[in-house]
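Colleague: structure, please.
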Amino acid sequence: MSDISLSILAAAAAERDATALTLSDIVKIPSPSGGEEKVCRRIESLCHEARFDEVRVDGLGSVIARVGRGPRILAIDAHIDTVGVGDPSRWTLDPYSGLVKDGLVHGRGTADQKGGAAAMIGAGRILKSMGYDGEFSVVFTFTVLEEDCDGLCWLYLVEKEGVKPDFALSTEPTSLRLYRGHRGRMEMKAVVRGVSAHGSAPERGESAAYKASRAALAMERLNESLAADEFLGKGTVVVSKMDVHGPSQCAVPDQGELYLDRRLTWGETPEAALAEVRRAMGADVESVTMPRYEGRGWNGAVYSQDLAFPTWKIPADHPLVSAGSQAHVRLFECEPVIGKWTFSTNCVAICGQHGIPCIGFGPGDEDKAHAPNEYTRVDDLQAASAFYAMLPVVLGGRA
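Modeller: Reported below is the predicted structural model:
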């Protein structure tokens, strides 16, 4: 093992407790999408305390912190908004306790994905302690609004702020595996129309409820027939919400709406997916469209996009995957497990839309995301901090 690998591992071990406490600290601050100001201000303060070379807040409210002054850019990303608690009775601890006990940090966002943010701050401290001056400027992005609209924050960074790194790494949970892609997704809205009539004589009307039901069952059949990719798996479609209503509870309903979650595998496009759904639902639907999202940052800034998020993957032999594998071997003396996410991440914009090569490596487990009793292992935080510090060294050819 090289001297630099030993130094990074030792520094990560020395930062272990501080990184766990950083995660505990930011988990105690609720941060729903659009309401991230307090946690952003705390992260901004933590980055200043760690002596990052630059710390700023972008126009949408994300915190951007840099270590190094190299001509090339490696971006390391964590979104710092979280979903809500859900049913509080399902939690055995206060969701915002941030309790550190028995090698775990507990609370909403520990896995998805403030654990990644805490490990990034730990990595920044490691890089500063070792006097990092390599080829890459390491830009740590603590981004907003991801849970509402994954990738919007990065569309803003690229399109409005002009931030376009050479490489990027997402710290979404991977159980310390190395990921190189995931399916894309899109949202659709289908509208059905009927003819109302008195509930005592339904034969006089045309029920939007029956039309919506037939359309929903058509999606069940369509889901079974969708294409698959050898690496990313098959596309899927599910009816995530359905509503019908009419003039009264004693009437045949004349209006209905179905909302669809469509996961896109390699080679599928939003346009083709819309056409597929229209064909499958047939005459029962009046229209099938893709909605548009408009997000408002905690600072009042507004940005919008269509609710389509491109599929992405990079080859197993891509230089970034190779660098990630080398960093893993040099730190942990074993090859990483290569995989993919089931869910969607900010990489839909970073790689899927803007073609910036991206990998994933994060503390915590994907199945803890959005679940009650969420937690992350302190061991994962330590390992991830070391990996994030090692990657720019390997990319710069200094390891």
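Colleague: so what's the residue count around A316?
Modeller: 12 (other Cβ atoms under 10 Å). For every residue, glycine as well, the C-beta is placed using N, CA and C.
Colleague: actually H198, not the one I typed
Modeller: 13.
Colleague: ok, now which ones touch it?
Modeller: Contact analysis of H198 by Cβ atoms under 8 Å, 6 or more residues apart in numbering lists 204, 250-252.
Colleague: now with 7 Å, please.
Modeller: H198 sits next to 250-251 when contact means Cβ atoms under 7 Å, 6 or more residues apart in numbering.
Colleague: how close does it sit to R204?
Modeller: Using Cβ to Cβ, to the nearest Å, we find H198 at a distance of 7 Å from R204.
Colleague: ditto for T236
Modeller: Distance, T236 to R204, using Cβ to Cβ: 39 Å.
Colleague: more neighbours: which of these two?
Modeller: Taking neighbours as other Cβ under 10 Å, T236 and R204 compare with T236 leading, 17 against 11.
Colleague: show me what the closest residue in space to that one that isn't next to it in sequence is bridged to.
Modeller: For T236, ignoring the flanking residues on the chain, the nearest one in space by Cβ to Cβ, 6 or more residues apart in numbering is R263 at 4.4 Å. Assessed by DSSP bridges, R263 has beta-bridge partners R185, T236.
Colleague: I'd guessed E366 sits against S344; true?
Modeller: No - when contacts are counted by Cβ atoms under 7 Å, E366 is not listed as touching S344 (11.4 Å).
Colleague: so what's Y303 up against?
Modeller: Neighbours of Y303 in contact, by Cβ under 7 Å, 6+ apart: 60, 152, 156, 295.
Colleague: what is the nearest of those to Q305?
Modeller: Proximity of the contacts of Y303 to Q305 (Cβ to Cβ) peaks at L152, which lies at 5.8 Å.
Colleague: and the closest residue in space to G352 that isn't next to it in sequence, what's its pLDDT?
Modeller: The spatially closest residue to G352, leaving aside those adjacent along the chain, is P310, at 3.2 Å (Cβ to Cβ, 6+ apart). Note for P310: predicted pLDDT of 97.
Colleague: same check, this time on D306
Modeller: For D306, the model assigns a pLDDT of 97.
Colleague: same question, the one 10 residues further on
Modeller: At A316, the predicted lDDT confidence score is 97.
Colleague: ok, it to V337 distance?
Modeller: In terms of Cβ to Cβ, A316 sits 12 Å off from V337.
Colleague: L21 too?
Modeller: Distance from L21 to V337, counting by Cβ to Cβ: 29 Å.
Colleague: neighbours of I338, how many?
Modeller: 16.
Colleague: my guess is it contacts G181. True?
Modeller: No - with contacts counted by Cβ under 7 Å, I338 stays clear of G181, the gap being 10.0 Å.
Colleague: can you pull out the low-pLDDT segments for the protein?
Modeller: 1, 399 (pLDDT under 70).
Colleague: got the domain ranges for it?
Modeller: Following the assignment in automatic domain parsing, the chain carries domains at 3-182+311-395, 184-296.
Colleague: where does M281 sit, in terms of helix or strand?
Modeller: Assigned by DSSP states H and E, M281 belongs to helix 270-281.
Colleague: actually A384, sorry about that
Modeller: When elements are assigned from DSSP H and E, A384 belongs to helix 378-395.
Colleague: what about the closest residue to V277 other than its chain neighbours, distance to T236?
Modeller: Excluding the flanking residues, the one nearest V277 by Cβ to Cβ, 6+ apart is V288, at 5.1 Å. Plainly put, V288 is 17 Å away from T236 if you go by Cβ to Cβ.
Colleague: one more: L217?
Modeller: In terms of Cβ to Cβ, L217 sits 16 Å off from T236.
Colleague: do A50 as well
Modeller: From A50 to T236 the distance is 41 Å (Cβ to Cβ).
Colleague: next: A78.
Modeller: Applying Cβ to Cβ to A78 and T236 gives a distance of 27 Å.
Colleague: kindly report the same for E271.
Modeller: In this view, E271 and T236 are 18 Å apart by Cβ to Cβ.
Colleague: one more: L258?
Modeller: 15 Å.
Colleague: now G35
Modeller: According to Cβ to Cβ, G35 and T236 sit 31 Å apart.
Colleague: show me where the stretch 1-150 of the chain has its helices.
Modeller: For the stretch 1-150 of the chain, the helices defined by DSSP state H, counting those that start in this stretch cover 3-14, 16-27, 37-49, 115-129.
Colleague: turn those helices into JSON lines, columns for distance to S175.
Modeller: Shown next, in JSON lines, are the helices of the stretch 1-150 of the chain (distance: least, Cβ to Cβ, whole Å):
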{"stretch": "helix 3-14", "distance to S175": "18"}
{"stretch": "helix 16-27", "distance to S175": "16"}
{"stretch": "helix 37-49", "distance to S175": "24"}
{"stretch": "helix 115-129", "distance to S175": "11"}
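Colleague: quick one: contacts for the residue nearest to P357 when sequence neighbours are not counted?
Modeller: In space, and not counting its chain neighbours, P357 is closest to L320: 4.7 Å by Cβ to Cβ, 6+ apart. Going by Cβ under 7 Å, 6+ apart, L320 touches 167, 314, 357, 359.
Colleague: orientation of the helix or strand containing L320 relative to helix 3-14 in degrees?
Modeller: L320 is located in helix 319-332, with elements delineated by DSSP H and E. Angle, helix 319-332 to helix 3-14, by axes from the mean of the first three to the mean of the last three Cα atoms, to 10 degrees: 70 degrees.
Colleague: ok, residues contacting the following helix or strand past helix 319-332?
Modeller: As assigned by DSSP H and E, the chain's next helix or strand after helix 319-332 is strand 338-339. Contact with strand 338-339 is made by 177-180, 316, as judged by Cβ under 7 Å, 6+ apart.
Colleague: please apply the same query to stretch 366-383.
Modeller: Applying Cβ under 7 Å, 6+ apart, the contact partners of stretch 366-383 are 12-13, 16, 19-20, 23, 83, 86, 90-92, 103-108, 110-112, 115, 118-119, 122, 173, 176, 341-343, 363-364.
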